[in-house]
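K.L.:
I'd like to go over a predicted model; first the sequence, then the structure.
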Protein chains: 2
Amino acid sequence: MLLSVRSGARASMPGMMDTILNLGINDEVVQTLAEKNRRFAFDSYRRFIQMYSDVVKEIPKKLFEDAIDTKKYQRGLKLDTDMDANDLEDLVKVFKGIYREQTGEDFPQNSREQLLDSVRAVFRSWNNPRAITYRRLNDIPSDWGTAVNVQQMVFGNMGDDCGTGVAFSRNPVSGENEVFGEFLMNAQGEDVVAGVRTPQEIATLKQVNEAAYNEFVAYAKKLEKHYKDMQDMEFTIEHGKLYILQTRNGKRTANAALKIAVDMESEGLITKEEAILKVEPKQLEQLLHPNFDTNKLKSAKVIGKGLPASPGAGTGKVVFSANKAQELAKNGEKELILVRLETSPEDIEGMVVCNGVLTVRGGMTSHAAVVARGMGTCCIAGCGELTINEQDNSFTTANGEVFHEGDYISLDGSTGIVYGEKVDTVDASVSGDFAKFMGWADSLRKLEVRANADNARDAKQAYDFGAQGIGLCRTEHMFFEGERIFAIREMIVSKTPEQRRMALEKILPMQRGDFEELYKTMKGYPVTIRLLDPPLHEFLPHEDWEIRQLAGDMNMSFEELKEIVVDLHEFNPMMGHRGCRLDVTYPEIGVMQTRAIIEAAINVKRQGIEVHPEIMIPLIGDIKEIKFVKDIITSTADQIIKESGIELKYMVGTMIEIPRACIIADEIAKEAEFFSFGTNDLTQLTYGFSRDDAGKFLKSYYDKRIFDFDPFQRIDENGVGKLVQTGVKLGKSARPDIELGICGEHGGDPKSVEFCHRVGLNYVSCSPFRVPIARLSAAQAAVKDKK
Amino acid sequence: MLLSVRSGARASMPGMMDTILNLGINDEVVQTLAEKNRRFAFDSYRRFIQMYSDVVKEIPKKLFEDAIDTKKYQRGLKLDTDMDANDLEDLVKVFKGIYREQTGEDFPQNSREQLLDSVRAVFRSWNNPRAITYRRLNDIPSDWGTAVNVQQMVFGNMGDDCGTGVAFSRNPVSGENEVFGEFLMNAQGEDVVAGVRTPQEIATLKQVNEAAYNEFVAYAKKLEKHYKDMQDMEFTIEHGKLYILQTRNGKRTANAALKIAVDMESEGLITKEEAILKVEPKQLEQLLHPNFDTNKLKSAKVIGKGLPASPGAGTGKVVFSANKAQELAKNGEKELILVRLETSPEDIEGMVVCNGVLTVRGGMTSHAAVVARGMGTCCIAGCGELTINEQDNSFTTANGEVFHEGDYISLDGSTGIVYGEKVDTVDASVSGDFAKFMGWADSLRKLEVRANADNARDAKQAYDFGAQGIGLCRTEHMFFEGERIFAIREMIVSKTPEQRRMALEKILPMQRGDFEELYKTMKGYPVTIRLLDPPLHEFLPHEDWEIRQLAGDMNMSFEELKEIVVDLHEFNPMMGHRGCRLDVTYPEIGVMQTRAIIEAAINVKRQGIEVHPEIMIPLIGDIKEIKFVKDIITSTADQIIKESGIELKYMVGTMIEIPRACIIADEIAKEAEFFSFGTNDLTQLTYGFSRDDAGKFLKSYYDKRIFDFDPFQRIDENGVGKLVQTGVKLGKSARPDIELGICGEHGGDPKSVEFCHRVGLNYVSCSPFRVPIARLSAAQAAVKDKK
């Protein structure tokens, strides 16, 4: 009896060991086999030596492939299948020689030794670097380990009444309810996959062996019913008899996943709750962004690979500065890709007009990545293979090819691949099943879903995707546009509170206008507005020539402005003079922002539209601190409301993003009507590493298996999560009806949404394009919780 | 009946309201009084108007002083006491006029109104800015509030059988057991203080009124026995009869405090435990550093005031760079004061050879302050009034006076005052009481006291001050000296692990030598050595000209080195690539440091000296992270020990300085044999502000009474302290015999030491000059705990 060995997790994990067939063959066995079928016997033996050498001994594959090619060349043959029994017997000798040369030992003749070494090789492959990377990217814990399957061999290559195939119980691309797959007669599984012979569609098996076909279809239905999911199966026919070698839940496209879930529910195979669990939330991204035409993509020229920072497809002409992009866009250019070393807040307006953003530096949570995801624009970040040549507006690829401004490139934000040409895109079509499915999700979930949106455009997108409010409006993002940045700079260089107030007066009407738009767009849903957060030096230039220019514009001397810039410099800006600390030192800022928020609300309410502003104070760490800032807000707001004669309710709450805030959350809840966990900063401070700098060492942490996942993308439940739980518990103890949400990047991550459900938050807030993902994740969390 | 009003806390708090005498006088009362004693009546009235106007109405004092001067000038008189009843009656009218002019109202005639407004003024003075600052500096919570004393007036100014005085039950300077103080006949309390008339020594009261004197001495003894402490009393004699107006525990010098505590114990007045509580630990600093000759100080020219960052007195010639200081010191110059904008690690060698350090920027925990305290060198930080002129090596004072290199200045590190001349210093004499007293402290305390010391010199100092080990040796401080910095830089610019190992080989013997010295100095006490902590860019220059120079020295191109510097740049170095993260990315560093630690221990042990190395991993935040680094350490150490044939025990533990480490301390304790709480970083991360940047906004936080104290100096028990408690609890749950210590700045702060005792740490570690303070604080904590 011959055996095959395969890993339990092979299929879903790149780098894991493939099947080793024909275990148990040795010189003696092959003689016995050869008596029945010489070609089959030696073909099986040479395949076995080849696989065993590759997988168990890590002997380079090329040595064996070269030997086969040599043999075919000598014999004037084209295909492997053209080789006869003698050729294969020769190859067995050659292969054994290679094995001996590489290992210093003879090929093992003891079956037990073959088996145990193979099993060990499977376990070893769990720690293959590719498997490690794959697990990290897919949130699979490394300590799960793998199983090993040992099966008796059956043979699809013993003659023309034998065959083998791979098929799905439904169509994995469209989701249609029909068996879908391929088979080959007189072949083994690897022949189907390897592409040497062209396999046939599974439907034609009916003509070849109707009984086997019918039996297979019946098994497919039976297994689908048993596992309550679409199945991906391998089978072999040995002398006319069907064997199912393996079955597992099949991979599928987002469209197929939706159709299968909805169909199975209407077929009565699964409940709505079960259907909800059938779609991977992250898959929905495929449905929300335009994508490349798959056929065109295959032939497109790859020029680099970076991080898939924001999904979708973008094609356009290279442009190297945000200003230039705006200028071109004004002149009607619609296809632009912004290429930058890294982006900064000043680039936002330029990013808006581009089809995609490519940066050389930065990670998945760099400025470019975060902003692009928020906008739903595709983005590839950290593509370090490219070199930007600033002098002549060009970049050079690793191959030395140079791209100039105006040359076409294309970005696949879902894979991180950069193409050196124009590739056509197709708009994603959202089928009717999508709406139906999301309706189920909404009826099942407990968590509200809000969106992070800083302007009416993003808010509209979020509303259309089903957001039930804005969970985070970062007011500083409104400060970079047009004339505003100038007014902000005037405020920063002010020497007295009066000067500062005068500059703030100029910003007031602009902010008020922005908020009015937001309120109108959200049609009565709550709108959470965060007071100014970043340190002021972010609004000033840092290079001398920029300072000189600005000083001229502001009627100051270079020295005067330079001194202000130097004074504002911070060693650790992330832990500097920012957030509510700005309102403590310059209460005028909080007053102006409160006025804008409340006056806008009154104006919109006067138009008969419901408004629910929630004013959010960032970076609170102490009870007296929130008391101080809250006093500024309420005294300003209450007076305006009183004078207006309009009845307006507003809430005042705080970000919980500093470890200390979690620890003293009971005190803070005395003042705060809501908490919004800012898990970006909370993660930075809890781990003690900055998002902007961690890239330099996190790679080592993944390579050395210290970290399994990126804590900035998926919430670290053991550490950061414990602080969130403490914050929730203490917050509720002091104010039982406190509103609890999360507005960090984690709000759009399925695993983290599940965590938010479990700890009892009221809502998650995420970027607009992640709203459907969050809605589905929230529903899945509720369903799992019920179980 | 007339009343006086005073605050309960006046005496101990600058800015708090002084006594208001003679409440109840009005036009009518003064007529009645005048019938008995006209001069007394109008003198009392004009004093009352003057005080009331000052304290209750905040009318400028100068208006009244000018009026008195005018009157004396008109009448050709010199002293206030020369004025007769008519003059005083005139002044009452003038004063009432001033009052009316300033307030728009007549001077209040209603006694009740006078009383209530005065009481309100006392309460109000609690929030006087000077009082707020004082409370913050002295750790007095703002929410305590003050009491108000209302007393019936007695008069020391009704004639020659009347008088008033202030006296202590023991000498507050020397501690001698004798009444000590001053009195004046025919006067009120303010006359004693104001210095217009010269008061007499209390002993001479015996001649003036023996009965009153004897009665006073008897009261002094009685009160001292009652309060079990030296008393500071105010008294008045009215027509021969003694009244005690007030008594409180008296302020005293450190020497006096020690003598009084030791004397009272031998007199049987108090127990050893009570004696221990009689000395303010921070006072001991006075005994440990040289001080200025007090008489010389009075006449010295003050040129600026900064933060009293490191106590003691220093006098010397101004020098503006650490290199120059070293050069001058080599040539025999012993009196130098280093004046810098701010210091950096490269300045350390220069700081060592100076008598004091003065910086223009930086706070109490700036680099200069921390290092100077560690060295026991006096330091004034953040003296922003001075402007350094880099071009011509000089600085300018607020008055425009210029000091050049070589000019003498003097620093009083206990007051923050900078003197513009040479002031002689005297070595502090430590009396025999000191040793006796510290012996009691040692017998009572539960906490061990270790020291933070990076070299044999500091370790010696610590050992002499009673340290029971080294709790923190910052190995990076050893890297800046002489040739070492060059080897370190070679390591940093290495392109391969081999190059890096070769550079590390050069550092190995130097580190090993350092550790040998440390072990020998500490004579068998534990020596805790922390692996390299700061980010590598701290060892490289940043200015182009410096990079160019170094590139030349290293045989590299400028561009090559510049690229390395740029690559190593971090946005938030505090949260960057440092601590154990360096050992994860470059395990060679951990291997070299372990070798140096263990080989040094073996060498010293071969000489028959006991050695207890404790290897400390900084910045741990995850269980797999400590496992990884610990494996590097133990595999290296165990092999060396095995090969040496010497039996050597060593411990491996970790800093707990990241919030996450506290939260998962049970996991970490599985690997760590000891925890050392690094409360500097833990405070930064828990609050989310960096020490280097917080100075910019913390002033607003004090002014607005959001913060009562500096959390970098005194541990924040509500926030950071909670995390420490969590760490302790979880750590002990996983490893009951885990060794627990603290090595942040807080280890030398009395309130924080008390906290460490309460939460059950085994030791505190602080800078050498704070070791006696920590020993006493630990004893006080144990005594209070017993109660």
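P.N.:
Happy to help now that I have it.

K.L.:
Determine whether any part of the longest helix along chain A lies close to chain B.
P.N.:
The single longest helix within chain A, with elements called by DSSP state H, is helix A:497-522. No - with CB under 8 Å from any CB of the partner chain as the criterion, chain B is not reached by helix A:497-522; the gap is at least 12.6 Å. C-beta coordinates here come from the backbone N, C-alpha and C atoms, glycine included.

K.L.:
Let me know the next secondary structure element after that helix.
P.N.:
Next helix or strand after helix A:497-522 toward the C-terminus (DSSP states H and E): strand A:526-530.

K.L.:
Give the rounded mean pLDDT of that next one.
P.N.:
For strand A:526-530, the mean per-residue pLDDT is 98.

K.L.:
Give me the contact list for it.
P.N.:
By CB atoms under 8 Å, 6 or more residues apart in numbering or on different chains, the surrounding residues in contact with strand A:526-530 are A:450, A:469-475, A:515, A:518-519, A:593, A:597, A:611-618, A:653, A:655, A:674, A:676, A:741, A:743, A:765.

K.L.:
Strands - which of these land there?
P.N.:
In strands, defined here by DSSP state E, the members of those are A:450, A:470-474, A:612-617, A:653, A:655, A:674, A:676, A:741, A:765.

K.L.:
Work out the gap between stretch A:716-733 and the centre of the chain.
P.N.:
25 Å (CA atoms, centre = their mean, to the nearest Å).

K.L.:
Could you do stretch A:622-630 as well?
P.N.:
Taking mean C-alpha positions (CA atoms, centre = their mean), stretch A:622-630 and its chain are 37 Å apart.

K.L.:
Quick one: check it for contact with chain B.
P.N.:
Yes - contact of stretch A:622-630 with chain B (CB under 8 Å from any CB) involves A:622, A:624-625, A:628.

K.L.:
I'd like to know which of these is nearest to A:I602.
P.N.:
A:F628 (25.2 Å; CB to CB).

K.L.:
helix, strand or coil for that closest one?
P.N.:
helix (DSSP: H, G, I helix; E, B strand; the rest coil).

K.L.:
repeat for A:V423
P.N.:
Following three-state DSSP, the label given to A:V423 is coil.

K.L.:
could you give me the average pLDDT of the longest helix of chain A?
P.N.:
For helix A:497-522, mean pLDDT rounds to 94.

K.L.:
what comes up buried for that helix?
P.N.:
A:500-501, A:503-504, A:506-508, A:510-512, A:514-522 (16 or more other CB atoms under 10 Å in any protein chain shown).

K.L.:
Equivalent analysis for stretch A:736-743, please.
P.N.:
Along stretch A:736-743, these residues count as buried under the neighbour rule (16+ other CB under 10 Å): A:738-743.

K.L.:
How about residues contacting it?
P.N.:
Residues outside stretch A:736-743 that contact it (CB under 8 Å, 6+ apart): A:448, A:450, A:452, A:471-472, A:528, A:614, A:651, A:653, A:655, A:669, A:672-679, A:724, A:728, A:731-732, A:752, A:756, A:760-765.

K.L.:
Sort out which of these are buried, if you could.
P.N.:
Buried subset of these (neighbour count, 16+ other CB under 10 Å): A:448, A:450, A:452, A:471-472, A:528, A:614, A:653, A:655, A:669, A:672-679, A:724, A:728, A:731-732, A:752, A:756, A:761-765.

K.L.:
how many other residues sit next to A:D43?
P.N.:
Residues near A:D43, counting by other CB atoms under 10 Å in any protein chain shown, number 24.

K.L.:
Tell me which helix or strand it sits in.
P.N.:
Element membership of A:D43 [criterion: DSSP H and E] is helix A:38-55.

K.L.:
Show me what the following helix or strand past that helix packs onto, helices and strands only.
P.N.:
The C-terminal neighbour of helix A:38-55 among helices and strands, as given by DSSP H and E, is helix A:61-75. The elements that helix A:61-75 packs onto, with contact taken as 3 or more CB pairs under 8 Å, 6 or more residues apart in numbering or on different chains; DSSP states H and E, are helix A:38-55, helix A:85-103.

K.L.:
can I get the CA coordinates of helix A:61-75 in CSV?
P.N.:
In CSV, the C-alpha atoms belonging to helix A:61-75 read as follows (Å, rounded to 0.1, in the frame of the first residue of the first chain):
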residue,chain,number,x,y,z
LYS,A,61,14.0,21.5,-8.2
LYS,A,62,16.0,22.7,-11.1
LEU,A,63,18.4,19.8,-10.9
PHE,A,64,15.6,17.3,-11.6
GLU,A,65,13.9,19.5,-14.2
ASP,A,66,17.2,19.8,-16.1
ALA,A,67,17.6,16.0,-16.0
ILE,A,68,14.2,15.6,-17.5
ASP,A,69,14.9,18.2,-20.2
THR,A,70,18.2,16.5,-21.0
LYS,A,71,16.5,13.1,-21.4
LYS,A,72,13.8,14.5,-23.6
TYR,A,73,16.4,16.4,-25.7
GLN,A,74,18.4,13.2,-26.1
ARG,A,75,15.4,11.3,-27.1
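
K.L.:
buried ones in that helix?
P.N.:
Residues of helix A:61-75 classed as buried under the neighbour-count rule (16+ other CB under 10 Å) are A:63-64, A:67-68, A:71-72.

K.L.:
Rounded mean pLDDT for that helix, please.
P.N.:
92.

K.L.:
roughly how far is it from the heart of the chain?
P.N.:
The answer for helix A:61-75 is 42 Å, by CA atoms, centre = their mean.

K.L.:
Stretch A:122-130 now?
P.N.:
On CA atoms, centre = their mean, the centre of stretch A:122-130 falls 24 Å from the chain's centre.

K.L.:
What of stretch A:366-383?
P.N.:
Offset of stretch A:366-383 from its chain centre (CA atoms, centre = their mean): 11 Å.
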